[in-house]
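Novice: Below is the sequence, then the predicted model.
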Amino acid sequence: MRILLLVALIVVGLATPAEAADPAWFPTRLTHLGDAEQVIVVTGRSPKSSYATLRVFERGSDGRWRAALPAMAARNGYAGWQWAAKRVQDTGTTPAGTFRITEAFGLAADPGAHLLYRPAGVTWDAKRGEYVAKSPAVVGRGSAVFLHVNGKGSTAGCVSVSRADMISILRRLNPAAHPRIVMAPLADITKA
């Protein structure tokens, strides 16, 4: 009887798609990744929590997603999460959604980033009438949300990790892999 039960469990396990067994935060369960071969997934504990977990994944040449770095403790906005389309500046919320990662910058020297890395504080003088913004501004929506090194606690809406974790992330991300970041409370991550 035990052998029959074991065989039945194995057959049922074989009939279940692997994706169904993956946790909600695993890339196979996320629908807005586009051509990304690398993805950072940030899951908040709850919609109002400022504590999160950050995971970095890469798609292998066999098409399978794998963890590229160990899971990391992260912090987010002091007021929790809000869907990006509804988020308002100065509310202390972190935007939930999926976003492209295109470049990096910082106060320290480039730690070996593969993304375009600019020292913070670099400025230029625009010519009169030169349009330098990539998108038209929407007053009250904020200008950007960053993944950065931890401060003393929660953030004003960004996501933060330890300095060592930030360096690991910067050294791992590759612009040729079209990296994305997917962020939301754990219960909503598959909608992001």
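Specialist: It's in.

Novice: what's the closest non-adjacent residue to residue 165?
Specialist: Leaving out its chain neighbours, the residue that sits closest to residue 165 by Cβ to Cβ, 6 or more residues apart in numbering is residue 72, at 4.5 Å. Glycine gets a C-beta too; all of them are placed from N, C-alpha and C.

Novice: Give me the pLDDT for the one you found.
Specialist: Per-residue pLDDT puts residue 72 at 99.

Novice: and what of residue 158?
Specialist: 95.

Novice: Bridged to the residue nearest to residue 165, which residues?
Specialist: residue 54 (DSSP bridges).

Novice: give me the number of residues near it?
Specialist: 19 (other Cβ atoms under 10 Å).

Novice: do residue 73 as well
Specialist: Residue 73 has 13 nearby residues by other Cβ under 10 Å.

Novice: Surely it and residue 55 touch.
Specialist: No: with contact defined as Cβ atoms under 8 Å, residue 73 does not count as touching residue 55 (11.2 Å).

Novice: who touches both of those two?
Specialist: By Cβ atoms under 8 Å, 6 or more residues apart in numbering, residue 73 and residue 55 have no common neighbours.

Novice: that older thread, the residue nearest to residue 165 and residue 162, how far apart?
Specialist: 7 Å (Cβ to Cβ, to the nearest Å).

Novice: just residue 86 next, same as before
Specialist: Taking Cβ to Cβ, one finds residue 86 at 30 Å from residue 162.
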